[in-house]
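In: Sequence plus the predicted model coming up.
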Amino acid sequence: MGFILWLIAVVLVVYGVVTLIQGSVLLGIILIIVGLAVGPGGWSIFNRRKV
């Protein structure tokens, strides 16, 4: 599961950077943020702290 999330995050971030270079700033930033949110390392929406 972690590898799949990592792969999706990499694809989203790379696509976001390419979109930024092509001139669509807002969509590029959104894709990069979503990629960081999905990725298993660092900040992820799937890793919740158990209280």
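Out: Thanks, I have it. Numbers count the residues shown, from 1 in each chain.
In: Neighbours of residue 35, how many?
Out: 19 (other CB atoms under 10 Å). C-beta coordinates here come from the backbone N, C-alpha and C atoms, glycine included.
In: Look up how far residue 5 lies from it.
Out: Relative to residue 5, residue 35 is positioned 10 Å away (criterion: CB to CB, to the nearest Å).
In: Same check on residue 36?
Out: Taken as CB to CB, the span from residue 36 to residue 5 is 12 Å.
In: go on, residue 21?
Out: 25 Å.
In: So for the two, which sits in the more crowded spot?
Out: Each of residue 21 and residue 5 has its neighbours counted (other CB under 10 Å); residue 5 has more, 16 against 9.
In: Please point out which parts of the one helix or strand the more buried one maps to sit buried.
Out: If you go by DSSP states H and E, residue 5 is part of helix 2-22. Applying a neighbour-count criterion of 16 or more other CB atoms under 10 Å, one finds 5, 9, 12-13, 16, 19-20 buried in helix 2-22.
In: helices or strands up against that helix?
Out: Contact here means 3 or more CB pairs under 8 Å, 6 or more residues apart in numbering; DSSP states H and E; on that basis helix 2-22 packs against helix 25-38.
In: Just want the angle from the helix it packs on to helix 2-22.
Out: Helix 25-38 and helix 2-22 are oriented at 170 degrees to each other (axes from the mean of the first three to the mean of the last three CA atoms, to 10 degrees).
In: Which strands or helices does helix 25-38 pack on?
Out: Short answer (3+ CB pairs under 8 Å, 6+ apart): helix 25-38 packs on helix 2-22.
In: quick one, what contacts residue 21?
Out: Applying CB atoms under 8 Å, 6 or more residues apart in numbering to residue 21 gives the contacts residue 28.
In: can you pull the contacts of the residue lying closest to residue 31 once chain neighbours are set aside?
Out: In space, residue 31 comes closest to residue 16 once its chain neighbours are excluded; the distance is 3.2 Å by CB to CB, 6 or more residues apart in numbering. By CB under 8 Å, 6+ apart, residue 16 lies in contact with 27-32, 34-35.
In: how close does the residue positioned nearest the centre of the chain sit to residue 6?
Out: In the chain, the centroid-proximal residue (CA atoms, centre = their mean) is residue 35; its distance is 0.5 Å. Residue 35 sits 10 Å away from residue 6, taking CB to CB as the criterion.
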